[in-house]
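mind looking at a prediction? Sequence and model below.
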Amino acid sequence: MWQHARTDQEIVQDVVDFSVGWLEERRYTLGVSVNMAAWAATMRQAPGMSLVNPTYDPHHSFLSPKNSFWLDVRAGSHTVGMIAGRLFATDDYLEVKRSMRLWYDPPRPEHGRLAISAPPGMPTICGKVAHEGGLWVHPQHRKRGLSTILPHLVRALCLREWDIDWLTGATMRKIGESGIASWGYGMSHVQPCFEGWFPVTQTYERLYIAYMDRRELIAGLDLDAVAGLLSNSDKQSLHPSLRVQEG
């Protein structure tokens, strides 16, 4: 028999439904909010965090319900997991990073420009680009699959709400070199793009760019692909010394 070719919208809805059910089975509750000030305030109080990612902080970037949202996973009344999404419309995503607009919008003149290099073989990332980040899971709830479910759910919602062309992320050396962005978060490409003084952390850093085009994004949202990554969830951990959230 001929099988029905599933549309992008059906694939996205399957992931949303699966993720909500997965969370409910584990007695987590999910909130979706466009109040980014609440994300920043919650992150400032999160155990082990000394610096809040300015990409999703309205104190540092122009944010609105049209270009940003976050997911709040709770156990009882306590937030135990978070991730955020942000939309950029651009002719060149790397220029958004070089100008520092990814982190500070508008950019701060004292930061200058970041010497981002395009990794070998990376295509021009342009159009409607969603950037995921601000991922945090409470230490007592790690290695349970939240750091797999949350990235996939935020991607599905970015695709549904913004009809994006690309999905991107940014990571520091520890996460970039560990491979977690690939085998844990499900990113198709994770490559180094910068090494030097990073104004956000005020330290010497090696940055990685993570990205996937729309075709790769849809393939990664297939429930079989998500299930395969969840089988690795007991291996996942967010490095305890990490002070800036992914993205």
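Ah, there it is. Numbers count the residues shown, from 1 in each chain.

secondary structure class for M49?
coil (DSSP: H, G, I helix; E, B strand; the rest coil).

which residue sits closest to it in space, ignoring its chain neighbours?
M43 (5.9 Å; C-beta to C-beta, 6 or more residues apart in numbering). Where you see a C-beta, it was placed from the backbone N, CA and C, and this is true even at glycine.

contacts only, for the one you found.
Going by C-beta atoms under 8 Å, 6 or more residues apart in numbering, M43 touches 49, 52-53, 82, 134, 136, 245.

now, those residues that are in helices?
The members of the contacts of M43 all map outside helices under DSSP state H.

out of the residues you listed, which is most surrounded?
Highest neighbour count within the contacts of M43: G134, with 29 neighbours (other C-beta atoms under 10 Å).

excluding covalently adjacent residues, which one is nearest to that residue?
A84 (3.7 Å).

next, the one you found: secondary structure please.
Going by three-state DSSP: A84 is strand.

who are the contact partners of it?
When contacts are counted by C-beta under 8 Å, 6+ apart, A84 touches 36, 39, 55-56, 68-71, 132-134, 154, 247.

kindly recompute the last result at 7 Å.
39, 56, 68-70, 133-134 (C-beta atoms under 7 Å, 6 or more residues apart in numbering).

next one: it from T42, what distance?
Distance of A84 to T42, given as C-beta to C-beta, to the nearest Å: 11 Å.

again with R142
17 Å.

try G179
The value you get for G179 to T42, if C-beta to C-beta is used, is 28 Å.

G228 now?
31 Å.

cool, and T55?
Relative to T42, and taking C-beta to C-beta, T55 is found at 15 Å.

more neighbours: these two, which one.
Higher neighbour count among T55 and T42: T55, with 26 against 18, using other C-beta under 10 Å.

which residue lies closest in space to the more buried one, excluding its sequence neighbours?
Leaving out its chain neighbours, T55 is closest to W103 (C-beta to C-beta, 6+ apart), at 5.3 Å.

surely that neighbour and L51 touch.
No - assessed by C-beta atoms under 7 Å, W103 is found out of contact with L51, at 11.3 Å.
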